[in-house]
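> Requesting a structural model of the entry that follows:
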Amino acid sequence: MALMPGLQLNMGQQLKLTPQLQQSIKILQYSALEVQQTIETTLETNFMLEIDEERDDESENYKDQLDSDASTNEESLSLDEKPLDIEQSKEIDSDLQLDMEWNEVFSDHAAPSTSLKDSSDYVSAETYTSAETTLHDHLQWQLDIAPLDERVTVLASYIIDDVNDEGYLESSLADLLITINENESDDEHPAYQLSDLEDALAIVHQFEPNGVAARDLQESLLLQLAGMPQTPYVVTAKQLIKENFDWLSYHDHKRIKKFYGLNDEELTTLLRLIQTLNPRPGRDFSPVQSEVIIPDLRLKRAKSGWLVELNQDAFPRLSVNSTYIQLASELDDTNQSQRIKDQLNEAKGLIKSIQSRGETLLRVGSFIVDRQQNFFEEGEQAMKPLVLREVAEHLDLHESTISRATNQKYIQTPRGTFELKYFFSTGVSQYGSADQSATAIKAHIKRLIDEEDPKKPLSDSKLMKLLEEEKDIAVARRTIAKYREAMNIPSSSERKKLNKYKI
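Sure thing, here's the model as predicted:
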């Protein structure tokens, strides 16, 4: 069959997202901190966008801002009391001369100070914070002041570099030795032996914090015990961890008492000593960065009930810079006018996207608060089942939109600051009664366990009966066990053992 060129006509429908819609979707899924970063980046590149500092943040919303921006531009930017049509740049008077070059518009006009470059460059001493000392820095400082020869220092440096934030070695000594010899050994420097690396590791083991650079938990605990005064209990603890560490892991207290000849009081003292050891010796030097959470919504109690409002302090108010639009009226350069038009469209698009984000969050937040009113009055135990589909159907939005509007979006309430997706919970079917939220059931389980007798912990079966008797919540025992494990709560037998030897 011969191949012949031809034309075909196909008809179909295709959905394409406009750039404005794509930007709105991105802004919606951004957290408040990411929106701040986007605004700062755009302010640096778009000369049409500026922060509106004259308006009262508490009294105006985003919609009023856009409307007032448009009216302000129409009133103040027109030369003949008419709105400026930037696309009609050819009609601008070309005889009007400018006393500056276009590139000079972006220069800083602040007069230099005699003592400082710029007043904005000055940083108050109160804004400085001390640098954090990491575990690596702490170990390296101890190595620098230790009287060691060069070869041992090299080995110790590699060991320190291999220590993770928990304080343990990440690589085996054999693998570490291969890396060291590949980088350090040559004709002038003989290859290192495994015994050399072990000697260097023994030196690092003497550094603070105790138990650092261990290869496993057992070695770390033994190193910490070695640094303590050698009392009979310390010696027994070392023997127990070294010889029968599994007994300690499985809480086999009867065997420990029988093997080491201990009574109940001596066993309690021994276990309390072991509990004072740090299973993660490097955690104290781990960098602790407090996560910045900026609430998008605020919940307040009003006379008519709960009031949800946008957090006006989440990010600055934006407006269009009127100076450059007026400057465009004095230009006869079509390219420059087009550039201003593009920048203007970008600025208005960002403002509109932020406005749309706020409106969506307000709608979603208002519905969640209305649905979960009992939670704000009584707490987790009053949480109701809620899924994305229910919110989407009520607000006539897609589930993906609800997902974007609740992920990394926070609401500040009298009970604390919560992520919006925290209020979503699956429902557990009940026999003859309303479904219960999984979050509420977990709260009931935790309350019952907190109130139990430490000497007689409640079993999963007993918890199931108490929930049915007190709260009319009928769930299976395996569901109780699943929720208990999800909250990292041990079983009743494990709790009994732990409560017996608590300090």
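> C-alpha only now, for contacts and for neighbours.
Fine.
> Can you check the pLDDT for the spatially closest residue to Ala191 that is not a sequence neighbour?
By the measure of CA to CA, 6 or more residues apart in numbering, the closest residue to Ala191 outside its immediate chain neighbours is Ser185, 5.0 Å from it. Looking at Ser185, its pLDDT stands at 75.
> again, but for Ile92
For Ile92, the predicted pLDDT is 35.
> What of Leu420?
On the pLDDT scale, Leu420 is placed at 92.
> Against Ser403, how distant is it?
Using CA to CA, to the nearest Å, Leu420 is found at 10 Å from Ser403.
> out of the two, which sits in the busier spot?
When neighbours are counted by other CA atoms under 10 Å, Leu420 and Ser403 differ, and Leu420 comes out ahead with 22 against 17.
> thinking again about what came up before, Thr179 is in contact with the residue nearest to Ala191, correct?
No: Ser185 lies out of contact with Thr179 (CA atoms under 8 Å); the separation is 10.0 Å.
> how near is Gln336 to Pro316?
On the measure of CA to CA, Gln336 and Pro316 end up 28 Å apart.
> which intervals of the chain have sub-threshold pLDDT?
By pLDDT under 70, the low-scoring segments of the chain are 1-2, 14-16, 53-132, 187, 286-291, 328-333, 427-435, 500-503.
> Domain map for it?
Structural domains of the chain, as assigned by automatic domain parsing, span the residue ranges 135-285, 427-500.
> Save those as TSV, and put in distance to Glu44 too.
Listed next are the domains of the chain as TSV, based on distance: least, CA to CA, whole Å:
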stretch	distance to Glu44
domain 135-285	36
domain 427-500	45
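> Select, out of those, the one closest to Arg371.
Closest to Arg371 of those is domain 427-500 (CA to CA; 12.4 Å).
> Go ahead and measure how far that closest one is from the middle of the chain.
The chain centroid and the centroid of domain 427-500 are separated by 30 Å under CA atoms, centre = their mean, to the nearest Å.
> what's the answer for stretch 39-55, then?
27 Å.
> Tell me the buried residues in it?
For stretch 39-55, burial by neighbour count (16 or more other CA atoms under 10 Å) applies to Ile39, Thr42, Leu43, Asn46, Phe47, Met48, Leu49, Glu50, Asp52.
> out of these, who's nearest Thr134?
Distances from Thr134 to the buried residues of stretch 39-55, taken by CA to CA, are shortest for Ile39, at 33.0 Å.
> CA atoms only for the helix or strand harbouring that closest one - export them in CSV, please.
Ile39 is located in helix 32-45, with elements delineated by DSSP states H and E. What follows is helix 32-45, C-alpha atoms only, in CSV (Å, rounded to 0.1, in the frame of the first residue of the first chain):
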residue,chain,number,x,y,z
ALA,A,32,1.5,31.7,54.2
LEU,A,33,5.3,31.7,54.5
GLU,A,34,5.6,30.6,50.8
VAL,A,35,3.2,33.4,49.8
GLN,A,36,5.4,35.9,51.7
GLN,A,37,8.5,34.6,49.8
THR,A,38,6.6,34.9,46.5
ILE,A,39,5.6,38.4,47.3
GLU,A,40,9.2,39.4,48.2
THR,A,41,10.6,37.9,45.0
THR,A,42,8.0,39.6,42.9
LEU,A,43,8.6,42.9,44.6
GLU,A,44,12.3,42.7,43.6
THR,A,45,11.6,42.0,39.9
